[in-house]
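*Asks:* below: sequence and its predicted model.
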Amino acid sequence: MHVDDLMFAESEGIPNNPHLPVLIYHDAVDASGDGATRIEDRFHANGWRGVWRDGVFDFQHYHTRAHEVLAVARGKARLLIGGPAGKELEVMAGDVLVLPAGTGHCRIAASADFLVIGGYPPGQHADIQRGPASDADRQAITSVPLPRLDPVFGNDGPVVTHWLDATR
């Protein structure tokens, strides 16, 4: 598995996270067969809650009160991460994105069978914000606690190692 990390500056009212990078795990989960259930089970085993199945909104949005994991269970899509001036990413079944609070994201295009499994660390719940970010939003984003476990790999996953390094 290969992990990319991307940092984004504020983009046209989308705050992004000033301290934590977006993490992209390429081909990180087995999405064959009933991959969606396996992904949900993995998230639950690592303490991530509020797990849902759906797609990604086609409008730029962010969350001020939660970090979010998005695992592609089926299909493929082109997403815009980091706000209007962010980066377009091609994602496919087996890929996982971990978005720190404040990160803008939206769907540009997707295959008809595109399915995402999403979730949040314990005690965190996503609010859907469309911008522009207020000072209160920025303060909320920086106060969201780090997850104790990576949603896919537990104690030793990139959320734990990369994000801890980013806050030192």
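*Replies:* Cool, the structure landed.

*Asks:* give me the contact list for the helix or strand hosting residue 37.
*Replies:* Using DSSP states H and E, residue 37 maps to helix 35-45. The contact list for helix 35-45, computed with CB atoms under 8 Å, 6 or more residues apart in numbering, reads 29-31, 51, 53, 69, 71, 73-74, 93-94, 115, 117, 119, 151-152, 154. (C-beta placed from N, C-alpha, C; glycine too.)

*Asks:* mind listing what's buried along the one helix or strand residue 136 maps to?
*Replies:* Taking DSSP H and E as the criterion, residue 136 maps to helix 135-143. By neighbour count, and taking 16 or more other CB atoms under 10 Å as the criterion, the buried residues in helix 135-143 are 137, 138, 140, 141, 142.

*Asks:* export those residues to TSV and tack on pLDDT?
*Replies:* Output for the buried residues of helix 135-143, formatted as TSV (pLDDT from 0 to 100):
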residue	pLDDT
137	97
138	97
140	97
141	98
142	96
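
*Asks:* same list (those residues) but as CSV, adding distance to residue 81.
*Replies:* CSV is the format used below for those (distance: CB to CB, whole Å):
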residue, distance to residue 81
137, 18
138, 19
140, 20
141, 16
142, 19
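
*Asks:* of these, closest to residue 88?
*Replies:* Distance to residue 88 across the buried residues of helix 135-143 (CB to CB) is lowest for residue 141, with 22.9 Å.

*Asks:* do you know how far the closest one is from residue 58?
*Replies:* Noted for residue 141: a distance of 23 Å to residue 58, by CB to CB, to the nearest Å.

*Asks:* for residue 8, same thing?
*Replies:* Counting by CB to CB - residue 8 and residue 58 are separated by 19 Å.

*Asks:* alright, that wraps it up for me.
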